[in-house]
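Chemist: give the three-dimensional model of this entry:
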Amino acid sequence: MIAITHVPSPAMEHGQRTHIGRAPIDFDRAVRQHQEYCRLLRHGGAEVRTLDIYRDLPDCAFIEDTALVLDELALLASMGVDSRRAEVAGIESELRKYREVKRIPLPALIEGGDVLRVGRTLLVGLSCRTDAAGIRALEAVVRPLGYKVVAIPVQGCLHFKTACTALDDRTLLVNPAWVDCGLLKGFRLIQVPEDEPWAANVLRMGPVVGVPAQHVRTAEMVAQLGFAVQSTDLSEFAKAEAGITCLSLLVN
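Modeler: Here you go, the predicted model:
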């Protein structure tokens, strides 16, 4: 497994915010946390490739949003805000080392943080960053490859994967306040504690599940389900409305 990451920007404090207020970010601490995150990826079996091409763009570290990587191809996102669209070009050249690359063009909007792959199903958030046209464009590319696309409205959070990620191909960790669990039929649903609403975003790396360190109760719950849990501190990135999946693109 290859994990593509990007160094944090010194301007991260000035990036996009949607559902949280602004708070000061300790950049030096963010750099250290990113280094620990890369160590977590290696512990999960990944070969980490860290880019440094868009350091001047505040949200450059949140590389997950720029693309969707499937077994057959990589699909470049059509970012939901103008300030992030410049990030995609450099990611394209990196992804071409591993996959055929296609693109979803504007005006359709879709971001990688809204797309959760579970087996041959893609659960896609209808959010402030991904619209119905983006979902239709995605479906036109992946349906001939045998993928099923399910649109899931998102409310109260930035991306679908803020509210729901997979522990395995049948088990989803979910915050029911932000997505309608009734639309997730056929899956085993594990609800995060109400006092850890951001904890549904975890990183699945084979048998290892990465959990942000501040989500203690969720980490204990996931461990009790039999998963190997590894925690890492991402407090500075949480101030930028980011979760643990946001900081990497995984290429299996």
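Chemist: all helices of the stretch 101-250 of the chain, in order?
Modeler: 132-142, 160-163, 216-224, 235-238 (DSSP state H, counting those that start in this stretch).
Chemist: can you redo these as CSV with mean neighbour count and distance to Ser9?
Modeler: All C-beta atoms are positioned from the backbone trio N, CA, C, and that covers glycine. Formatted as CSV, these follow (neighbours: other Cβ atoms under 10 Å; distance: least, Cβ to Cβ, whole Å):
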stretch, mean neighbour count, distance to Ser9
helix 132-142, 18, 25
helix 160-163, 28, 21
helix 216-224, 17, 28
helix 235-238, 20, 12
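Chemist: could you dump the ones you listed into a markdown table and include mean pLDDT?
Modeler: Output for these, formatted as a markdown table (pLDDT from 0 to 100):
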| stretch | mean pLDDT |
| --- | --- |
| helix 132-142 | 97 |
| helix 160-163 | 97 |
| helix 216-224 | 97 |
| helix 235-238 | 96 |
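Chemist: out of those, which gets nearest to Met1?
Modeler: Closest to Met1 of the helices of the stretch 101-250 of the chain is helix 160-163 (Cβ to Cβ; 18.1 Å).
Chemist: what packs against that closest one?
Modeler: Counting contacts by 3 or more Cβ pairs under 8 Å, 6 or more residues apart in numbering; DSSP states H and E, helix 160-163 packs against strand 115-118, strand 121-126.
Chemist: make it 10 Å
Modeler: Packed against helix 160-163 by the contact rule (3 or more Cβ pairs under 10 Å, 6 or more residues apart in numbering; DSSP states H and E) you find strand 115-118, strand 121-126, strand 148-153, strand 171-174.
Chemist: got the CA coordinates for that helix in CSV?
Modeler: Output of helix 160-163 as CSV, limited to C-alpha atoms (Å, rounded to 0.1, in the frame of the first residue of the first chain):
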residue,chain,number,x,y,z
PHE,A,160,-19.6,12.3,4.5
LYS,A,161,-16.5,10.7,5.9
THR,A,162,-16.7,13.2,8.8
ALA,A,163,-19.8,11.3,9.8
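Chemist: how about TSV for the helices and strands packed on helix 160-163, with mean pLDDT and distance to Ala199 added?
Modeler: Formatted as TSV, those follow (pLDDT from 0 to 100; distance: least, Cβ to Cβ, whole Å):
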stretch	mean pLDDT	distance to Ala199
strand 115-118	97	16
strand 121-126	98	17
strand 148-153	97	18
strand 171-174	98	8
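Chemist: let's have those strands in CSV, adding distance to Val192 and mean neighbour count.
Modeler: Below are those laid out as CSV (distance: least, Cβ to Cβ, whole Å; neighbours: other Cβ atoms under 10 Å):
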stretch, distance to Val192, mean neighbour count
strand 115-118, 15, 23
strand 121-126, 17, 22
strand 148-153, 17, 16
strand 171-174, 6, 22
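Chemist: next, format these as JSON lines and append distance to Leu73.
Modeler: Shown next, in JSON lines, are those (distance: least, Cβ to Cβ, whole Å):
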{"stretch": "strand 115-118", "distance to Leu73": "13"}
{"stretch": "strand 121-126", "distance to Leu73": "13"}
{"stretch": "strand 148-153", "distance to Leu73": "15"}
{"stretch": "strand 171-174", "distance to Leu73": "25"}
